[in-house]
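**Q** show me how the following folds:
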Amino acid sequence: MNASFRGGGRSVEFLDQINKASLVALTDAGIVSEDIASRIAAGILALIRAERGKPRQWSADYLDYEPKLLAAVGADASRLHCGRSRQDISATIARMNLRAGLLDECEALARAREALLSLASEHTRTIAPAYTHGVQAQPTTLAHYLLAFDDALTRSACRLRAAYRHVNQGPLGAAALTTSSFALDRRRLASLLGFDGLVENAYDANHLAPVDTSLEVAAVLGIAAVQIGQFAQDLHAQYAAPEPWMTLQRGELVGVSSIMPQKRNPAALEQLRVQSSMLLGEMQAVSLMAHNVRSGMFDYRAYDPVPSGRALAVFELLRKILGGLVVDKARALAEVHADYSTATEIADALLQRADVPFRIGHHFASALTDYGRSRHLSLREIPYGEAARLYEATASEAFPLDAQAFAEVTSPEYMVFGRKGTGGPQIPEAERMLARQRGELAADLAWTQSCRAHLSSAEAQLEAAVAAIVDRRSATSTTSASNSETTS
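**A** The predicted structure is shown next:
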């Protein structure tokens with residue numbers, strides 16, 4: 001069997017919906033009579049009832065399904081396939097799988113972001129080191145870092161929503177690639193299946209759109225995998241220190257060495273990194289399957305072209321880790337004090353308070369750093385007199401900051417909470433960004449609920465339309481019986 005026509009799980013259920021929608025559209029167009037349509041509908045419903053609650057005994061391949069419908073209904077059951085092909089059925093099932101996966105992924109990512117924002121709200125005043133090139137660069141707050149990560153994940157959520165808009169377009173009725181001589185209403189088919197519109201060009205619907213639509217979804221999930229892998233690495237780096245300032249709660253998130261009893265291994269972080277890498281690899285495989293393949297081939301057209309299981313597992317593991325982080329605020333501040341990341345502020349303060357050109361202040365701060373490190377001193381351990389002497393040697397003028405001012409501008413609190421720019425770690429900005437990001441998260445959750453409600457409504461309308469077809473047969477049978485009794 002071609003890979004294009006494999007499918008289980010939801011794919012078989014989606015085939016049921018496609019068959020119902022096809023029957024309704026065929027009946028609406030008068031292509032199948034009401035009497036035959038009602039018998040086909042009864043057959044479809046009987047097959048669903050017979051398999052309810054147990055694994056289906058057939059795949060989502062229509063050629064596997066049709067013999068069972070023929071056995072239940074007779075030769076007229078084959079009329080259900082008028083105006084369509086396994087090609088557009090396959091393309092439709094793939095889109096239904098993609099959109100279901102996207103909604104699940106959006107919700108799982110939103111749950112992780114909820115945990116992220118909850119953690120950030122607790123640490124707007126927690127000063128922590130930030131790094132560039134793997135080296136401590138400047139102090140910030142833990143909230144500032146977490147809000148940055150949430151902004152990145154919010155962009156991934158936005159990309160998922162954009163991908164959904166492209167995915168939720170109906171290809172059914174395109175048949176093999178040129179539609180058919182049957183006057184099927186493709187927009188009616190799309191509406192019955194909850195699609196927002198059509199992949200209009202029939203050739204595109206089956207042979208081009210399935211490729212780039214799947215690639216788009218895979219690209220979004222690949223980007224999220226990179227973002228989450230980066231976060232895992234950031235956290236994991238803390239474990240290199242004898243006293244990490246950010247750790248994981250004991251339990252399922254932490255492992256103990258089988259031979260070294262003192263070791264507490266951040267097993268969950270390692271798994272987050274590994275699973276993110278595996279997710280990225282799977283998403284790249286989607287590109288490789290579609291690469292260098294002629295249109296119309298089955299290579300890239302599996303029923304479930306971008307499986308969602310790995311992404312859901314990664315998002316859930318991220319949520320658990322965020323809920324299990326233990327932050328030692330004092331250790332985080334000590335980490336900042338142990339290095340020279342507040343030296344940046346010296347040059348700024350000299351310019352702002354004494355109009356010292358920035359590069360002169362920069363040279364002084366760099367020389368001060370070299371001096372202190374060569375003597376194993378932290379910045380706040382360097383005597384003020386030595387700092388003043390070094391400035392005079394560097395700038396050929398008296399040091400314009402007194403001891404109190406020098407201590408003030410080199411403190412982490414002054415540097416972090418005295419920031420002025422939009423998007424900085426200062427508390428008013430952190431609280432503003434937190435409020436905005438909570439609003440964006442709420443909007444994302446509302447969007448997901450709206451999409452699910454739309455699909456539920458479409459499914460209810462489809463069920464009602466099929467029920468009406470069955471009811472017309474029952475009504476006709478009742479009328480015929482009454483007429484017979486009257487005649488007798």
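
**Q** in the stretch 101-250 of the chain, which spans are helices?
**A** Ranges of helices within the stretch 101-250 of the chain are 142-167, 186-192, 202-207, 209-237, based on DSSP state H, counting those that start in this stretch.

**Q** keeping just the C-alphas, turn stretch 216-228 into CSV.
**A** Once side chains and other backbone atoms are set aside, the C-alpha atoms of stretch 216-228 remain, and they are given as CSV (Å, rounded to 0.1, in the frame of the first residue of the first chain):
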residue,chain,number,x,y,z
GLU,A,216,4.9,25.4,7.0
VAL,A,217,3.6,23.5,10.0
ALA,A,218,6.9,21.6,10.3
ALA,A,219,8.9,24.8,10.1
VAL,A,220,6.9,26.4,12.9
LEU,A,221,7.3,23.4,15.2
GLY,A,222,11.0,23.3,14.3
ILE,A,223,11.4,26.9,15.3
ALA,A,224,9.7,26.1,18.7
ALA,A,225,12.0,23.1,19.1
VAL,A,226,15.1,25.4,18.7
GLN,A,227,13.7,27.9,21.2
ILE,A,228,12.9,25.3,23.8
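
**Q** residues making contact with it?
**A** Outside of stretch 216-228, the residues that reach it under the criterion C-beta atoms under 8 Å, 6 or more residues apart in numbering are 98, 101-102, 105, 109, 149, 152-153, 156, 159-160, 163, 166-167, 272, 276-277, 279-280, 283-284, 286-287, 306, 311, 314-315, 318. (Each C-beta comes from the backbone N, C-alpha and C, glycine too.)

**Q** what about 6 Å?
**A** Under the criterion C-beta atoms under 6 Å, 6 or more residues apart in numbering, residues 98, 152, 156, 159-160, 163, 276, 279-280, 283, 286, 306, 311, 318 lie in contact with stretch 216-228.

**Q** same question for stretch 167-184.
**A** For stretch 167-184, the surrounding residues in contact (C-beta under 6 Å, 6+ apart) are 25, 29, 31, 82-85, 87-88, 91-92, 95, 98-99, 186, 189-190, 193, 195-199, 202-203, 205-206, 213.

**Q** just to revisit the earlier point, buried subset of the contacts of stretch 216-228?
**A** Among the contacts of stretch 216-228, those scoring as buried are 98, 152, 156, 159-160, 163, 276, 279-280, 283, 286, 306, 311, 318 (criterion: 16 or more other C-beta atoms under 10 Å).

**Q** and this structure, what are its domain boundaries?
**A** Residue ranges of the domains in the chain are recorded as 85-329+427-459, 343-410, according to automatic domain parsing.

**Q** what's the most buried one of these?
**A** Ranked by average neighbour count under the criterion mean count of other C-beta atoms under 10 Å, the domains of the chain are headed by domain 85-329+427-459 at a mean of 19.

**Q** end to end, how far does that one reach?
**A** 22 Å (C-alpha to C-alpha, to the nearest Å).

**Q** let me see the mean pLDDT of it.
**A** Mean pLDDT, domain 85-329+427-459: 94.

**Q** can you give me the helices in the stretch 301-450 of the chain?
**A** Counting by DSSP H, counting those that start in this stretch, the stretch 301-450 of the chain forms helices over residues 309-323, 329-337, 344-354, 358-374, 384-395, 403-409, 412-417, 427-487, given from the N-terminal end onward.

**Q** quick check: closest non-adjacent residue to P357.
**A** Here the nearest residue to P357 in space, its sequence neighbours aside, is L351; by C-beta to C-beta, 6 or more residues apart in numbering that works out to 7.1 Å.

**Q** still on that earlier bit, wait, which of the helices of the stretch 101-250 of the chain is closest to G421?
**A** Nearest of the helices of the stretch 101-250 of the chain to G421, taken as C-beta to C-beta: helix 142-167 at 11.9 Å.

**Q** now do that closest one against helix 209-237, angle only.
**A** Between the axes of helix 142-167 and helix 209-237, defined by axes from the mean of the first three to the mean of the last three C-alpha atoms, to 10 degrees, the angle is 170 degrees.

**Q** relative to helix 427-487, how tilted is helix 142-167?
**A** If you take the same axes, to 10 degrees, helix 142-167 sits at 30 degrees to helix 427-487.

**Q** centre of the chain to helix 142-167, how far?
**A** Averaging C-alpha positions (C-alpha atoms, centre = their mean, to the nearest Å) puts helix 142-167 8 Å from its chain's average.

**Q** what angle sits between that helix and helix 329-337?
**A** Angle, helix 142-167 to helix 329-337, by the same axes, to 10 degrees: 100 degrees.

**Q** residues contacting R438?
**A** Neighbouring residues of R438 by C-beta under 6 Å, 6+ apart: L117.

**Q** and it, how far is that from F417?
**A** Here the criterion is C-beta to C-beta, to the nearest Å. By it, R438 lies 22 Å from F417.

**Q** same question, P210
**A** Relative to F417, and taking C-beta to C-beta, P210 is found at 53 Å.

**Q** Y384 too?
**A** With the distance defined as C-beta to C-beta, Y384 ends up 23 Å from F417.

**Q** start and end of stretch 417-434, how far apart?
**A** Start-to-end, stretch 417-434 (C-alpha to C-alpha) is 16 Å.

**Q** let me redo that: stretch 400-413
**A** Counting by C-alpha to C-alpha, the length from the leading to the trailing residue of stretch 400-413 is 22 Å.

**Q** hmm, who's touching it?
**A** I127, P139, V336, T342, E345, A349, A354, L379, Y384, Y414.

**Q** and the two most separated of those residues?
**A** I127 and A354 (26.3 Å).

**Q** what's the closest of the helices of the stretch 301-450 of the chain to K20?
**A** Each of those was checked against K20 via C-beta to C-beta, and the shortest separation belongs to helix 427-487, namely 4.9 Å.

**Q** if we can go back for a sec, mind checking which of the helices of the stretch 101-250 of the chain is nearest E397?
**A** With C-beta to C-beta as the yardstick, what comes closest out of the helices of the stretch 101-250 of the chain is helix 142-167 (35.9 Å).

**Q** on that earlier part again, now render the contacts of stretch 400-413 as TSV, adding distance to P428.
**A** Below are these laid out as TSV (distance: C-beta to C-beta, whole Å):
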residue	distance to P428
I127	16
P139	18
V336	21
T342	21
E345	19
A349	21
A354	28
L379	27
Y384	32
Y414	16
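
**Q** so which of those residues is the closest to V326?
**A** I127 (16.8 Å).

**Q** identify the bridge partners of the closest one.
**A** I127 has the following beta-bridge partners by DSSP bridges: T141.
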